[in-house]
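Enquirer: need the 3D shape of this:
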Amino acid sequence: MPKFNVTVPHALSEQEATERLNRFADILREKFKDSVSELEQSWEGNALAFRFKTFGFPLSGKVAVGDKQLTVDGELPFAAMMFKGKIESSIREQLERLMTAGIIKKE
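Expert: Model (predicted):
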């Protein structure tokens with residue numbers, strides 16, 4: 001399966017970044033309720049494992065919480081490769097908002 005990777009810098013402590021990331025799934029459910037389904041998350045050490053479907057494509061990966069950055073590594077199906085850039089930029093944007101403001105605003 002093809003991979004995607006996103007790095008998001010933050011100015012929070014690891015604990016605060018982890019606490020904010022705990023709310024990530026709920027915020028995604030709310031913001032993207034019409035395009036995201038089967039959203040699951042669980043912690044594996046300092047990484048949040050996730051999986052969901054968007055527009056019928058299954059995506060999965062992990063968000064590792066570091067001292068000054070989040071690192072997202074994931075997989076997407078070959079059929080979604082043409083959307084890789086959009087997926088990466090959307091994930092980056094939502095995580096940046098979460099790390100800087102604590103909430104993700106609806107547009």
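
Enquirer: now do the same contact list for the residue nearest to Ala80 when sequence neighbours are not counted.
Expert: Computed as Cβ to Cβ, 6 or more residues apart in numbering, the closest residue to Ala80 that is not its neighbour in sequence is Phe57, at 4.3 Å. Bear in mind the C-beta positions are built from the backbone N, C-alpha and C, glycine included. Applying Cβ atoms under 8 Å, 6 or more residues apart in numbering, we find Phe57 in contact with 76-77, 79-80, 83.

Enquirer: measure Phe57 to Phe50 for me?
Expert: 14 Å (Cβ to Cβ, to the nearest Å).

Enquirer: quick one, strands of the protein?
Expert: Assigned by DSSP state E, the chain shows strands spanning 3-9, 36-44, 47-54, 57-65, 69-75.

Enquirer: now those in CSV, with distance to Ile27?
Expert: Formatted as CSV, the strands of the chain follow (distance: least, Cβ to Cβ, whole Å):
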stretch, distance to Ile27
strand 3-9, 15
strand 36-44, 11
strand 47-54, 12
strand 57-65, 13
strand 69-75, 15
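
Enquirer: for those, give me a markdown table that also has mean pLDDT and distance to Leu95.
Expert: Shown next, in a markdown table, are the strands of the chain (pLDDT from 0 to 100; distance: least, Cβ to Cβ, whole Å):
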| stretch | mean pLDDT | distance to Leu95 |
| --- | --- | --- |
| strand 3-9 | 94 | 4 |
| strand 36-44 | 90 | 13 |
| strand 47-54 | 91 | 11 |
| strand 57-65 | 93 | 7 |
| strand 69-75 | 95 | 6 |
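
Enquirer: to Glu16, which of those lies closest?
Expert: strand 57-65 (9.8 Å; Cβ to Cβ).
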